[in-house]
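>>> sequence first, predicted coordinates after that:
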Amino acid sequence: MDLQYKMELNDGIARITLAGSLDATNAAAFQEELKKLIGEKITKIVFMASELKYIASAGLRVMIFAKQRIGAEVQVYLIGAQEAVLDVVKMSGLDTFMTIQNEFAG
Amino acid sequence: MTNRIDLHPTHSHGEFKLRAGKPLPFGTTLVPGGVNFSVFSRFATSCDLVLFKKHAAQPFAEIPFPREFRTGNVFSMIVFDVDYENIEYGYRMDGPYDPENGHRFDKDKILLDPYAKLVSGRDVWGKEPDWNNIFPHRGQILADDFDWEDDCQLEIPFEDLIVYEMHVRGFTAHASSKVKHPGTYAAIRDKIPYLKDLGVNCLELMPIHTFDEFENSKMSPVTGERLLNYWGYSNVGFFAPKAGFAATGKFGMQADELKNTIKTLHKNGIEVILDVVFNHTAEGNERGHYISYRGIDNKTYYMLTPEGYYYNFSGCGNTLNCNNPIVRNMILDCLRYWVTDYHVDGFRFDLAAILGRDQNGAPMSSPPLLETLAFDPILGKCKLIAEAWDAGGLYQVGSFPSWGRWAEWNGKYRDDLRKFLKGEPGMTGVVSQRIQGSPDLYQWEARENCASVNFITCHDGFTLMDMVSYNGKHNEANGENNSDGGNDNHSWNCGWEGQCDDDAVNRLRVKQIKNAAAMLLVSHGTPMILAGDEIGNTQYGNNNAYCQDNELSWLNWDQLSENAEIHNFFRCMVALRKTHPMLRYSSYAQNAASDVEVSWHGTSAWGADWSGEARTVAFMCRRWQSDERRAFEPDLYVAMNMHWDAHGFELPGLENGRRWHVFANTDMPHPQDITTPGNEILLDNQHDFMVGPRSVVVLIGK
């Protein structure tokens, strides 16, 4: 399944809605998209993940990239992730730098 | 900076842009714009890089290393614009096929990089592989971006360690473990509260490097099920964690999952020691198959007879040529990698005596590999633990070259304590040595007593429950006519072979388990507990469960409630050890500078019986000088009666108004068998203690 994504930037909050699967086949293109955020004044990156079915290592690396390259002081949120996705995030230890919520509380 | 071009291609092959690579480091390294591939071979005449799309049957590219990309004996090449997360790679090597002279090059084979940091092919444990795969174990490229935050090695002093040896899969594979992902690295995290409650502070993981559970797999004559290489003492990839032990292995995220598990264990004060198997590989002997080393540089990686056959000091078909400088460096690189990239706290070396053999197999007095590891700066704070024997008959417990750095699995501790426990006479003298950290073995070299890793059971042999339930091994399910596994078990079934309904037999077994736990945890040195012994885990008499990936070897967590009594006893003994620094004293009490006194007693105070008929002995531990510390530190007395009759022990007198209190008495039924530190019960009779038959008593003088 392909990845669909939508990116909105409002008041320093980058809201990225993901659907489908984020894996090696599409991660690179998605990362290019995220690079557009470099240089913007961003305080929060919010991955809206309720429609995301599957995430592979390449996809997780994009999230690491988001944190490392867009700015260490940026807060990263993972919102509404399905269990399969959440599981991978937790087992690989990425839950330590992301705030995980059911709904984005702002 | 982000778009700066540091390296530019100078060569091309088809669509691939290339440049001469960096010979070091070996393996794959991400460089700006590409991947550096580097592989050693002394005797290869040419080398091709073979690239596959993930899981594809056939390669999509084969790129020969141009002559100018070889420096000395190293082929290295940068390939630009390679989708590194989506490929698998290997090498084809050409060179002489001349077994008599040690060469076995075969250009038809695709070979795994000895330095591969991820290996795919057995991503999900036990999933039947495609036997027609032309390249079953494939290298993958790993990004180095795990966030360790402030994690580092814990550096718990050796004398404070309480080691818990476990099989990653067997620990939680059983349904009773109630974890989300049974049998995985991630599941260990779920069990951290249990481990902390038990009080252990170091996990020794049986092999987690890449191995092939289908190696030599066969059907069980007893159950008809397929027997797998469950233990994994057979290396495929030294640098790569076993993907099938990761819940995320199917996503290629085993490295992250393992790192995260180690990081979480560290946060909870628990170290991680890896069991490493550098004595042989999974490629077998002359009739074995090509995975990596034999096709890359057979003559370098293996010890060969003058006729070109494989020496078999490992008992597994071949012997890694550990004291060849190339192999020695590979082992060093590998250990450094696990320390720097996985924050591992130490290593236990399987059949480590092999690591001290020269290239012809003769034992060396100062083996360069062992010396290198002892003095390596990056391994400087690592625990190095040798299994100080090999399958070729070299037994070095007490004489393993150490440079003051190496500790040993003390096989003599195991054997002597077992003999004493089962009631063999005349063991009191040698047991007194074992309990003091085996000064007879280690003091001559001015080593500290934590050179001795004390254990009564380990993965290899009976579990503790089986040690008191079986006189002989019962390995029929292994399919080798019960000829595999050791016969020198020094076990005693307490009156009935195997499981039984006889209350007296079962009560005695539980008592013997408590006796063993008590002796282990009051001994000087570093104690090691086999996972599951604290809940009375049985393998039904199988003392070599290497191929039993099933309920026979998996921990049955239901036993935690069934054997709550045993579990409680272990917990309290661990707590006792942690409460009393004298039990964790690192120097030998006999050393002149020592301020701990260990005195030996028997049924008469100050009069231990060392005779050939003795089965009773006691010791007292106290601070020698009346320093400030002593004022806070109680005295300790342990009486061990391994005779079948009760014996009265005269208690040594106490100074400064102290009085004896009972901490543990294995002759008493639960819950009077043991208490928690600080809650010991004052003895009415301060002069004598009647120690029951086959019982251990621990007293505190305070």
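Done, it's in. Numbers count the residues shown, from 1 in each chain, chains lettered A, B, ... in the order given.

>>> near chain B, which residues of chain A?
A:24-25, A:27-28, A:38, A:55-58, A:60-61, A:64, A:68-69, A:87-88, A:91-94, A:96-97 (CB under 8 Å from any CB of the partner chain). C-betas here are computed from N, CA, C, even on glycine.

>>> switch the cut-off to 6 Å
Within chain A, the positions near chain B by CB under 6 Å from any CB of the partner chain are A:24, A:56, A:57, A:58, A:64, A:88, A:91, A:92, A:93.

>>> using PyMOL, define a selection of the buried residues within those residues.
Burial among the residues of chain A next to chain B is assessed by 16 or more other CB atoms under 10 Å in any protein chain shown; the matching PyMOL selection reads:
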select buried, chain A and resi 24+56+57+58+64+88+91+92+93
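
>>> which of the residues of chain A next to chain B fall in strands?
Judged by DSSP state E, strands contain none of these.

>>> need the max-distance pair from the residues of chain A next to chain B.
Among those, the pair separated by the greatest distance (CB to CB) is A:24 and A:93, at 19.8 Å.

>>> still on that earlier bit, need the residues of chain A next to chain B in JSON lines with pLDDT, can you?
Shown next, in JSON lines, are those (pLDDT from 0 to 100):
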{"residue": "A:24", "pLDDT": "74"}
{"residue": "A:56", "pLDDT": "79"}
{"residue": "A:57", "pLDDT": "76"}
{"residue": "A:58", "pLDDT": "78"}
{"residue": "A:64", "pLDDT": "80"}
{"residue": "A:88", "pLDDT": "89"}
{"residue": "A:91", "pLDDT": "89"}
{"residue": "A:92", "pLDDT": "87"}
{"residue": "A:93", "pLDDT": "84"}
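
>>> point out the residues in chain B that sit beside chain A.
So far as CB under 6 Å from any CB goes, chain B lies against chain A at B:85, B:86, B:145, B:186, B:247, B:248, B:251, B:252, B:253, B:256, B:257, B:260.

>>> for chain A, what is the nearest residue in chain B?
residue B:260 (3.0 Å; CB to the nearest CB).

>>> next helix or strand past the helix or strand of chain A with the lowest mean pLDDT?
Here the helix or strand of chain A ranked lowest by mean pLDDT, DSSP states H and E is helix A:57-70, holding a mean of 80. Per DSSP states H and E, the first helix or strand lying C-terminal to helix A:57-70 is strand A:75-79.

>>> residues touching residue B:340, list them.
Applying CB atoms under 6 Å, 6 or more residues apart in numbering or on different chains to residue B:340 gives no contacts.

>>> let's see the helix or strand harbouring it as PDB, backbone CA atoms only.
Per DSSP H and E: residue B:340 is located in helix B:325-342. Extracted C-alpha coordinates of helix B:325-342, given in PDB (Å, rounded to 0.1, in the frame of the first residue of the first chain):
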ATOM      1  CA  PRO B 325      46.200 -11.600  13.500                       C
ATOM      2  CA  ILE B 326      43.300 -11.000  11.000                       C
ATOM      3  CA  VAL B 327      40.900 -13.100  13.000                       C
ATOM      4  CA  ARG B 328      42.100 -11.700  16.300                       C
ATOM      5  CA  ASN B 329      41.400  -8.200  15.000                       C
ATOM      6  CA  MET B 330      38.000  -9.300  13.800                       C
ATOM      7  CA  ILE B 331      37.100 -10.500  17.300                       C
ATOM      8  CA  LEU B 332      38.400  -7.300  18.800                       C
ATOM      9  CA  ASP B 333      36.500  -5.200  16.300                       C
ATOM     10  CA  CYS B 334      33.400  -7.300  17.000                       C
ATOM     11  CA  LEU B 335      33.600  -6.900  20.800                       C
ATOM     12  CA  ARG B 336      34.400  -3.200  20.500                       C
ATOM     13  CA  TYR B 337      31.300  -2.800  18.300                       C
ATOM     14  CA  TRP B 338      29.000  -4.500  20.800                       C
ATOM     15  CA  VAL B 339      30.400  -2.200  23.500                       C
ATOM     16  CA  THR B 340      30.300   1.100  21.600                       C
ATOM     17  CA  ASP B 341      27.100   0.500  19.500                       C
ATOM     18  CA  TYR B 342      25.100  -1.700  21.900                       C
END
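
>>> packing partners of the helix or strand just after it?
As assigned by DSSP H and E, the chain's next helix or strand after helix B:325-342 is strand B:346-349. If you count contacts as 3 or more CB pairs under 6 Å, 6 or more residues apart in numbering or on different chains; DSSP states H and E, strand B:346-349 packs onto strand B:271-276, strand B:383-386.

>>> pull up the pairing partners for strand B:346-349, direction included.
The pairing partners recorded for strand B:346-349 under DSSP bridges are strand B:271-276 (parallel), strand B:383-386 (parallel).

>>> what angle separates the helix or strand following that strand from helix B:325-342?
Where DSSP H and E defines the elements, the next helix or strand beyond strand B:346-349 is helix B:368-375. Angle, helix B:368-375 to helix B:325-342, by axes from the mean of the first three to the mean of the last three CA atoms, to 10 degrees: 30 degrees.

>>> can you give me the offset of helix B:368-375 from its chain's centre?
Centre-to-centre, helix B:368-375 and its host chain are 19 Å apart (CA atoms, centre = their mean, to the nearest Å).

>>> same question for stretch B:406-417.
Relative to the mean C-alpha coordinate of its chain, stretch B:406-417 is positioned 14 Å out (CA atoms, centre = their mean).

>>> and it, how far apart are its ends?
Length of stretch B:406-417, first residue to last, CA to CA, to the nearest Å: 23 Å.

>>> quick one: mean pLDDT over it.
For stretch B:406-417, mean pLDDT is 96.

>>> got the buried residues for it?
B:406, B:407, B:408, B:409, B:410, B:411, B:412, B:413, B:414, B:415, B:416, B:417.

>>> go on, stretch B:605-615?
Neighbour-count burial for stretch B:605-615, counted by 16+ other CB under 10 Å, picks out B:605, B:608, B:609, B:614, B:615.

>>> for residue B:210, state which of those is nearest.
residue B:615 (48.2 Å).

>>> number of nearby residues for the closest residue to residue B:25 other than its chain neighbours?
In space, and not counting its chain neighbours, residue B:25 is closest to residue B:38: 6.9 Å by CB to CB, 6 or more residues apart in numbering or on different chains. By other CB atoms under 10 Å in any protein chain shown, 23 other residues sit near residue B:38.
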